[in-house]
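# here is the input, now give the coordinates:
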Amino acid sequence: MNSIKKSNKLANVLYDIRGPIMDRAKQMEDEGQQLIKLNIGNLAVFGFDAPEEIQLDMIRNLPNSSGYSDSKGIFAARKAVMHYTQEQGIKGVTLEDIYLGNGASELIAMATNALLDDGDELLLPMPDYPLWTAVTSLSGGTPVHYLCDEANGWIPDLDDIRSKITPRTKGLVVINPNNPTGVLYPDSVLQALIDIAREFNLVLLADEVYDKVLFDDMKHTAMASLSTDVLTLTFNSLSKSYRACGYRAGWLVISGDKQAGADYIEGLSMLANMKLCANVPGQWAIQTALGGYQSINDLVCEGGRLRRQRDLAYELITAIPGVSCVMPHAALYMFPRLDPEIYPIKDDRQFFLQLLEATRVMLVQGTGFNWPHPDHFRMVFLPHEPDLREAIGRMAKFLKDYRIKHGTERPEFVQAATPAVHSAEAE
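Predicted structure coming up:
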């Protein structure tokens, strides 16, 4: 009997946030082992709950949620998103320019499917959120990664972007605030990226899911607010700022030169009609979330839980010899670097699989974010402080053993402070 094989479209699809390391972690949990998961921004499992008023509004509206909604979404939610774009300074957005989806992820896939023909190219940041690379490949397109320069605070390299534009380039993806680096781009960089899109007639795809998760009094600027002539698609959701990952409530906003993009927009509407609608209970949460008390501010301000955990994780991880990190000023992640002279890693997936088995701490290797070298990893700072200390303490011991094994333990490291280990139950 012939075996049934997966589609060739999946040959270049990688999503290691839920990949082989996750598979091994599940096996370990099935065996009764307790893990500390620093691999995924799933807030609920760490005690970050969606605001109660959002939950109550969904419950009250369940009797109204049994039928399909309009394919673009319910009126109240789209109206709330429209008002939010006005607060952000985005001009010319109407109700018809707003599409609701099952999280931003579904809408990102919809946007790439409507945009790309076989062989078309989409410019993506490196490192990136791997969903973007995956859906580009699934859409028949070719992902082309532009460098974000760690030496320059992970800011996009504008010259590298220009060098990679070809006649097949259709769009430019900007993730700001950035996942996985936690960096927030300044307005001057956003404007320069818009100028490139304008010069080469590219669609801008702005992933701004973390626009409210900001530390150190940073301010986010919506990319679409900086131009009225460049066709821009902005993606956002309730998942992170409102701790509502499972509600799967996201939105896509079209702005800029909609006349030039009329045919593309028609394609978006066709795909929206084909999916019938996003889940209706989640849609009811949007108006309450955007119009209600912004409790995320209490978490990210000085003294707030997320701010404290960000500071602690940064302090502990950079105290490990040979580990450096650009301070994240936004989002839920940091993207530390392992000095290759001290940690001569050849296969980072295998390395972090070994770390998982030795420490029961789960991380994602840097190549899982389309970073080309085995010298980075992404970690979340969502666990409570005792669990962060425990996890990073275990990592520090594993890395010390690695240095000793490979003969890279230097005399000056012996006196270096090691992150304190406190006994704590994992989440």
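# I'd like to know how many residues surround Val45.
For Val45, the count of nearby residues is 12 (other CB atoms under 10 Å). No exception for glycine: its C-beta is placed from N, CA and C like everyone else's.
# thinking it is in contact with Lys37, fair?
Yes. Between Val45 and Lys37 there is a contact at 7.5 Å, judged by CB atoms under 8 Å.
# quick check: which element contains Leu388?
helix 385-405 (DSSP states H and E).
# buried stuff in that helix?
Of all the residues in helix 385-405, those buried under the rule 16 or more other CB atoms under 10 Å are 385, 387-400, 402-403.
# off-centre distance for stretch 154-170?
Chain-centre distance of stretch 154-170: 21 Å, with CA atoms, centre = their mean, to the nearest Å.
# show me where the chain has helices.
Ranges of helices within the chain are 20-30, 52-61, 75-88, 103-115, 130-138, 158-163, 187-200, 262-274, 280-291, 296-300, 305-318, 348-359, 385-405, 411-414, based on DSSP state H.
# so in this structure, where's the weakest helix or strand by average pLDDT?
Within the chain, no helix or strand scores below helix 411-414, which has a mean of 68 by mean pLDDT, DSSP states H and E.
# give me the below-cutoff pLDDT ranges for this structure.
12, 14-18, 412-427 (pLDDT under 70).
# nearest to Leu95 among the helices of the chain would be which one?
Set against Leu95 and scored by CB to CB, the helices of the chain come closest in helix 75-88, at 5.2 Å.
# not counting its own residues, what contacts that closest one?
For helix 75-88, the external contacting residues (CB atoms under 8 Å, 6 or more residues apart in numbering) are 72, 93-95, 98, 100, 222, 224-225, 234, 249, 251, 253, 255, 283-284, 286-287, 290-291.
# again, but for stretch 269-280
The contact list for stretch 269-280 (CB under 8 Å, 6+ apart) reads 64-74, 99-102, 106, 110, 113-114, 248-250.
# quick one: buried residues of it?
Going by neighbour count (16+ other CB under 10 Å), the buried part of stretch 269-280 is Leu271, Ala272, Cys277, Ala278, Asn279, Val280.
# again, but for stretch 52-68
Under 16+ other CB under 10 Å, the buried positions of stretch 52-68 are Ile54, Asp57, Met58, Asn61.
# got a list of what Ile265 touches?
So Ile265 contacts Ile254, Lys258 (CB under 8 Å, 6+ apart).
# I'd like to know which of the contacts of stretch 269-280 are buried.
The neighbour-count test (16+ other CB under 10 Å) applied to the contacts of stretch 269-280 identifies 69, 71-74, 99-102, 106, 110, 113-114, 248-250 as buried.
# in strands, which of those fall?
Tyr99, Leu100, Gly101, Gly250 (DSSP state E).
# hang on, the third one packs against Ser239?
No. Between Gly101 and Ser239 there is no contact under CB under 8 Å: 11.6 Å.
# shared neighbours, these two?
Gly250.
# circling back: what's the most distant pair in the buried ones among the contacts of stretch 269-280?
Once CB to CB is applied, those give Ile74 and Asn113 as the farthest pair, at 23.5 Å.
# out of the helices of the chain, nearest to Leu122?
Of these, the one closest to Leu122 (CB to CB) turns out to be helix 130-138, at 4.8 Å.
# can I get the closest one in PDB? Just the C-alpha atoms.
Below are the C-alpha coordinates for helix 130-138, written out as PDB (Å, rounded to 0.1, in the frame of the first residue of the first chain):
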ATOM      1  CA  PRO A 130       8.000  32.300  12.100                       C
ATOM      2  CA  LEU A 131       4.300  32.300  11.200                       C
ATOM      3  CA  TRP A 132       5.100  35.000   8.600                       C
ATOM      4  CA  THR A 133       7.700  32.800   6.800                       C
ATOM      5  CA  ALA A 134       5.400  29.800   7.000                       C
ATOM      6  CA  VAL A 135       2.300  31.500   5.500                       C
ATOM      7  CA  THR A 136       4.500  33.100   2.800                       C
ATOM      8  CA  SER A 137       5.600  29.700   1.700                       C
ATOM      9  CA  LEU A 138       2.100  28.200   1.900                       C
END
